[in-house]
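Colleague: sequence and predicted structure below; questions after.
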Amino acid sequence: MTKTAHHRNELPATTGAVLLPEDGDYRAEIDGFQTAYTHRPAVVVAAVHAEDVRAAVEYAARHGLPIAVQATGHGLAAPADGGVLINTRRMKDIRIDAAARTARVAAGVQAGELIAAAAAHGLAPLNGSSNSVGVVGYTLGGGLGLLAREFGYAADHVRVIEIVTADGRLRRLSPGDELFGAVLGTGGNFGVVTALELELVPVTTVYGGQLQFDAPLVPQALEAWRLWTADLPDQLTSAFGMMTMPDIPQFPAHLRGRYLATVNIAYTGSEADGERLVAPLRAIGERFTDNLKVLPYTDSHTIHSDPPQPHPYTATNALLAELPADATDAFLEATGPGSDLPVVAGFRHLGGALSRPAAYESAIDHRDAQYVARAIAMPGPDADAITAGLARIRKTVEPWAIGTNLNFLYGGGDRGETETRAAYTAPTYDRLAALKAKYDADNLFRFNRNIQPR
């Protein structure tokens, strides 16, 4: 049998469906949140438990087929063509241990589902801005969340990893295992993670929301936010975003076509302290939106209000050691209303717990970064022009850049390889490449920010 010819009697025996391109449910199984890239795998396995995953990996390894994994498809960086796609979205088991403040989540669990389950016990996960993101994929990329400055990366709070490696073995990893320290911070490079055991935090409410400023106040707002972030408690995590709102029916009429700046706030202290802390931002001037208030943590996704509908996007980012006015001025000029590449752009404030060493080894580097700059574009027919435009934007902050953040990288090709390497220091990348050669010498797992075995 060739690598592209698959006879049904040779497909893996699984509880979940196994689909070929000619099957009616094939297309529905490969669609995800990211619509810029479409998977075209030779085989799709709709896994319902870890044994399905193990059978799919064993089958792919036997036939020399590359393996891709998708639960929600938010972080899709490249399409899986000609290989085996394992869809884990049916793996929904969540087990909360309230006394230990932990959760065991299967590979298909979305952030909103875990938030709701944890909230029933007065706890919260270290989730990101969107409640439809897959918990496992987000965490394997590092997990830069709403409460990141207070609690650090989500990956630093993983206690157990259940993973199927290229040899078809289901392994249970814990801190101290060499593969445990490689899986966290590398996406899906070392296998298919079927479940994680995560620490939860005792958070039930958060003071947060958005302050929005209309176009004339955007430069002033950005400078005020930059200065404001220099002296904040770790309990406050914020972001600054800029974009021209799409002129499409899905957006309210009063927003369409407007260029706005948005400050996103998440603070776990008291409402009174939150009001005091944000006073310098309110002093900037009239707010187009000001909805800061105490929220139940189950509403934390409204702080960023990420679009809930699937859509195409590609992006670049840079971790920054500092954020001087020269950097914000150049970045604003490159991404503002006059930019030749319309983007959603901005910064997230890092530092705090993110800068402290993890309790155990992982592949998350550049912890001294104080900010991350991001630019997200909608793919179009001229892919080269979009790639060049994102490169120009990133170049504006290059003097202060020390690396990239894996969670915020979308798009493949040569740019993807360069930016993936930039997520790690040279010693870390060398360690990961050696472990890749040990655990995945044939590079079966190569669709998610690939680390080459050597």
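Modeller: Sure thing, it's come through. Numbers count the residues shown, from 1 in each chain.
Colleague: now for residue 365, how many residues are close by?
Modeller: Neighbourhood size, residue 365 [other CB atoms under 10 Å]: 22. Heads up, the C-betas are built off the backbone N, CA and C, glycines and all.
Colleague: typed the wrong thing, it's residue 332
Modeller: 19.
Colleague: what about residue 263, which SS state?
Modeller: Following DSSP: H, G, I helix; E, B strand; the rest coil, residue 263 is assigned to strand.
Colleague: surely it and residue 221 touch.
Modeller: Yes. Using CB atoms under 8 Å, residue 263 is in contact with residue 221, at 7.1 Å.
Colleague: what residues are shared contacts of those two?
Modeller: 240, 281 (CB atoms under 8 Å, 6 or more residues apart in numbering).
Colleague: where along the stretch 1-150 of the chain do the strands fall?
Modeller: 18-19, 43-46, 67-70, 84-87, 94-97, 102-106 (DSSP state E, counting those that start in this stretch).
Colleague: now do the stretch 201-350 of the chain
Modeller: Under DSSP E, counting those that start in this stretch, the stretch 201-350 of the chain gives strands at 205-214, 236-244, 259-267, 289-290, 293-296, 314-320, 343-349.
Colleague: quick one: closest of the strands of the stretch 1-150 of the chain to residue 427.
Modeller: Smallest distance to residue 427 across the strands of the stretch 1-150 of the chain (CB to CB): 27.6 Å, for strand 67-70.
Colleague: contacts for that closest one?
Modeller: Under CB under 8 Å, 6+ apart, the answer for strand 67-70 is 30, 32, 39, 41, 56-57, 60, 76, 80, 83-89, 107, 137, 188, 192, 444-445, 447-448.
Colleague: and stretch 155-164, by the same measure?
Modeller: With CB under 8 Å, 6+ apart, stretch 155-164 has contacts from 50, 53-54, 57, 102, 104, 126, 139-143, 151, 170-175, 179-180, 183-185, 190-199, 358-359, 362, 364.
Colleague: just the ones of the residues you listed in helices?
Modeller: 50, 53-54, 57, 139-140, 151, 180, 183 (DSSP state H).
Colleague: would JSON lines of these with distance to residue 387 be doable?
Modeller: Output for the ones in helices among the contacts of stretch 155-164, formatted as JSON lines (distance: CB to CB, whole Å):
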{"residue": "50", "distance to residue 387": "38"}
{"residue": "53", "distance to residue 387": "34"}
{"residue": "54", "distance to residue 387": "38"}
{"residue": "57", "distance to residue 387": "33"}
{"residue": "139", "distance to residue 387": "28"}
{"residue": "140", "distance to residue 387": "25"}
{"residue": "151", "distance to residue 387": "35"}
{"residue": "180", "distance to residue 387": "35"}
{"residue": "183", "distance to residue 387": "29"}
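Colleague: nearest to residue 216, of the residues you listed?
Modeller: Using CB to CB, residue 151 comes nearest to residue 216 of these, at 36.7 Å.
Colleague: residues contacting that closest one?
Modeller: 126, 145, 157, 201, 353.
Colleague: which stretch among the strands of the stretch 201-350 of the chain comes nearest residue 392?
Modeller: Of all those, the one in closest proximity to residue 392, counting by CB to CB, is strand 314-320 (9.9 Å).
Colleague: and the closest one, what's buried?
Modeller: 314-320 (16 or more other CB atoms under 10 Å).
Colleague: report the inter-axis angle for it versus strand 343-349.
Modeller: Here strand 314-320 points in a direction 30 degrees away from that of strand 343-349 (axes from the mean of the first three to the mean of the last three CA atoms, to 10 degrees).
Colleague: same for strand 314-320, what does it pack against?
Modeller: strand 371-377, helix 383-395, strand 401-403, helix 413-421 (3 or more CB pairs under 8 Å, 6 or more residues apart in numbering; DSSP states H and E).
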